[in-house]
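Visitor: Model the following, please.
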Amino acid sequence: MNAERAETVELTRESAPEQVSNNRAKTVNGSATPPLKIAARAPNNRVSRLLDLADMLLRETEILARDKAFTDESNRLRSLNFCDGIDFYGEVERFETGLIRLALDQTGGHQARAARLLRIKPTTLNSKIKLYGIEY
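Guide: Model (predicted):
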(Lines give C-alpha, C1' and ligand atoms only; values in the text may rest on other atoms or scores of the structure.)
Protein backbone atom coordinates (compact mmCIF):
# COMPACT_ATOMS: atom_id res chain seq x y z
CA MET A 1 0.00 0.00 0.00
CA ASN A 2 2.82 2.40 0.85
CA ALA A 3 4.54 1.65 -2.48
CA GLU A 4 1.35 2.58 -4.38
CA ARG A 5 1.02 5.79 -2.40
CA ALA A 6 4.66 6.67 -3.04
CA GLU A 7 4.15 6.13 -6.79
CA THR A 8 1.05 8.35 -6.74
CA VAL A 9 2.95 11.10 -4.95
CA GLU A 10 5.89 10.82 -7.37
CA LEU A 11 3.59 10.99 -10.40
CA THR A 12 1.83 13.97 -8.91
CA ARG A 13 5.12 15.77 -8.27
CA GLU A 14 6.21 15.20 -11.85
CA SER A 15 2.93 16.35 -13.41
CA ALA A 16 2.17 19.37 -11.21
CA PRO A 17 4.63 20.17 -8.42
CA GLU A 18 2.62 23.11 -7.10
CA GLN A 19 -0.42 20.91 -6.45
CA VAL A 20 1.39 18.21 -4.43
CA SER A 21 0.01 19.36 -1.11
CA ASN A 22 -3.58 19.41 -2.44
CA ASN A 23 -3.43 16.03 -4.17
CA ARG A 24 -1.88 13.88 -1.43
CA ALA A 25 -4.07 10.98 -0.48
CA LYS A 26 -5.32 11.01 3.09
CA THR A 27 -5.37 7.83 5.11
CA VAL A 28 -8.67 6.88 6.73
CA ASN A 29 -8.76 3.66 8.75
CA GLY A 30 -5.62 2.41 7.03
CA SER A 31 -6.89 2.83 3.45
CA ALA A 32 -5.88 5.57 1.06
CA THR A 33 -8.61 7.73 -0.46
CA PRO A 34 -8.13 9.05 -3.99
CA PRO A 35 -7.57 12.78 -4.44
CA LEU A 36 -10.70 14.89 -4.92
CA LYS A 37 -11.51 16.37 -8.29
CA ILE A 38 -13.09 19.78 -8.67
CA ALA A 39 -16.30 19.75 -10.72
CA ALA A 40 -16.39 21.93 -13.79
CA ARG A 41 -18.47 25.07 -13.37
CA ALA A 42 -21.26 25.89 -15.72
CA PRO A 43 -20.32 28.56 -18.23
CA ASN A 44 -21.06 32.06 -17.05
CA ASN A 45 -23.48 32.79 -19.87
CA ARG A 46 -25.96 35.55 -19.16
CA VAL A 47 -28.26 34.64 -22.04
CA SER A 48 -28.70 31.05 -20.87
CA ARG A 49 -29.35 32.25 -17.31
CA LEU A 50 -31.97 34.71 -18.60
CA LEU A 51 -33.63 31.95 -20.61
CA ASP A 52 -33.70 29.70 -17.55
CA LEU A 53 -35.23 32.48 -15.45
CA ALA A 54 -37.83 33.24 -18.13
CA ASP A 55 -38.74 29.55 -18.32
CA MET A 56 -39.13 29.35 -14.53
CA LEU A 57 -41.30 32.49 -14.52
CA LEU A 58 -43.51 31.09 -17.27
CA ARG A 59 -44.04 27.84 -15.36
CA GLU A 60 -44.81 29.77 -12.17
CA THR A 61 -47.31 31.95 -14.05
CA GLU A 62 -49.09 28.87 -15.40
CA ILE A 63 -49.30 27.39 -11.91
CA LEU A 64 -50.67 30.63 -10.48
CA ALA A 65 -53.28 30.84 -13.25
CA ARG A 66 -54.43 27.29 -12.48
CA ASP A 67 -54.54 28.09 -8.77
CA LYS A 68 -56.61 31.22 -9.45
CA ALA A 69 -59.05 29.23 -11.59
CA PHE A 70 -59.38 26.67 -8.80
CA THR A 71 -59.93 29.41 -6.19
CA ASP A 72 -62.58 31.09 -8.34
CA GLU A 73 -64.35 27.77 -8.80
CA SER A 74 -64.23 27.06 -5.07
CA ASN A 75 -65.71 30.48 -4.31
CA ARG A 76 -68.50 29.88 -6.81
CA LEU A 77 -69.33 26.57 -5.15
CA ARG A 78 -69.55 28.27 -1.75
CA SER A 79 -72.07 30.73 -3.14
CA LEU A 80 -74.48 28.03 -4.42
CA ASN A 81 -77.97 28.25 -3.01
CA PHE A 82 -78.83 24.73 -1.88
CA CYS A 83 -82.44 25.69 -1.12
CA ASP A 84 -83.15 26.14 -4.82
CA GLY A 85 -81.53 22.83 -5.68
CA ILE A 86 -78.54 22.06 -7.86
CA ASP A 87 -78.56 21.03 -11.50
CA PHE A 88 -76.41 17.91 -11.11
CA TYR A 89 -75.87 17.26 -14.81
CA GLY A 90 -75.08 20.89 -15.45
CA GLU A 91 -72.48 20.88 -12.69
CA VAL A 92 -70.94 17.63 -13.98
CA GLU A 93 -70.78 19.09 -17.49
CA ARG A 94 -69.14 22.27 -16.22
CA PHE A 95 -66.63 20.26 -14.16
CA GLU A 96 -65.75 17.92 -17.05
CA THR A 97 -65.46 20.83 -19.46
CA GLY A 98 -63.02 22.59 -17.16
CA LEU A 99 -60.91 19.46 -16.72
CA ILE A 100 -60.84 18.74 -20.44
CA ARG A 101 -59.83 22.30 -21.27
CA LEU A 102 -57.09 22.21 -18.66
CA ALA A 103 -55.75 18.90 -20.02
CA LEU A 104 -55.85 20.19 -23.60
CA ASP A 105 -54.02 23.36 -22.56
CA GLN A 106 -51.36 21.30 -20.79
CA THR A 107 -50.80 19.10 -23.86
CA GLY A 108 -50.97 21.85 -26.45
CA GLY A 109 -54.25 20.55 -27.90
CA HIS A 110 -53.02 16.98 -28.41
CA GLN A 111 -56.09 14.85 -27.65
CA ALA A 112 -54.31 11.51 -27.16
CA ARG A 113 -51.94 13.01 -24.58
CA ALA A 114 -54.81 14.85 -22.88
CA ALA A 115 -56.75 11.57 -22.65
CA ARG A 116 -53.71 9.87 -21.12
CA LEU A 117 -53.41 12.74 -18.64
CA LEU A 118 -57.09 12.37 -17.69
CA ARG A 119 -56.77 8.56 -17.68
CA ILE A 120 -59.62 8.06 -20.12
CA LYS A 121 -59.68 6.59 -23.62
CA PRO A 122 -59.05 9.00 -26.52
CA THR A 123 -62.42 8.10 -28.07
CA THR A 124 -64.18 9.03 -24.81
CA LEU A 125 -62.37 12.36 -24.73
CA ASN A 126 -63.23 13.04 -28.36
CA SER A 127 -66.92 12.24 -27.78
CA LYS A 128 -67.04 14.56 -24.73
CA ILE A 129 -65.37 17.35 -26.71
CA LYS A 130 -68.07 16.99 -29.36
CA LEU A 131 -70.88 16.56 -26.81
CA TYR A 132 -69.95 19.68 -24.82
CA GLY A 133 -68.83 21.69 -27.87
CA ILE A 134 -65.39 22.40 -26.42
CA GLU A 135 -63.23 24.57 -28.63
CA TYR A 136 -59.51 24.72 -28.03
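Visitor: Give the next helix or strand downstream of the lengthiest helix in the chain.
Guide: Counting by DSSP state H, the longest helix found in the chain is helix 46-78. Going down the chain from helix 46-78, the next helix or strand is helix 88-106, by DSSP states H and E.
Visitor: Who are the packing partners of that next one?
Guide: Contact partners of helix 88-106 among helices and strands, from 3 or more C-beta pairs under 8 Å, 6 or more residues apart in numbering; DSSP states H and E: helix 46-78, helix 111-118, helix 122-132. Just so you know, the C-beta spots here come from the backbone N, C-alpha and C atoms, and that holds for glycine as well.
Visitor: In CSV, list the ones you listed along with mean pLDDT and mean neighbour count.
Guide: Shown next, in CSV, are the helices and strands packed on helix 88-106 (pLDDT from 0 to 100; neighbours: other C-beta atoms under 10 Å):
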stretch, mean pLDDT, mean neighbour count
helix 46-78, 82, 10
helix 111-118, 95, 18
helix 122-132, 96, 14
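Visitor: Looking at the ones you listed, which is nearest to residue 93?
Guide: Residue 93 lies closest, by C-beta to C-beta, to one member of the helices and strands packed on helix 88-106: helix 122-132, at 6.1 Å.
Visitor: one step back: I'd like to know which of the helices and strands packed on helix 88-106 lies nearest to residue 87.
Guide: Per C-beta to C-beta, nearest to residue 87 of the helices and strands packed on helix 88-106: helix 46-78, 13.2 Å.
Visitor: Does anything pack onto that closest one? Which helices or strands?
Guide: Using 3+ C-beta pairs under 8 Å, 6+ apart, helix 46-78 is in contact with helix 88-106.
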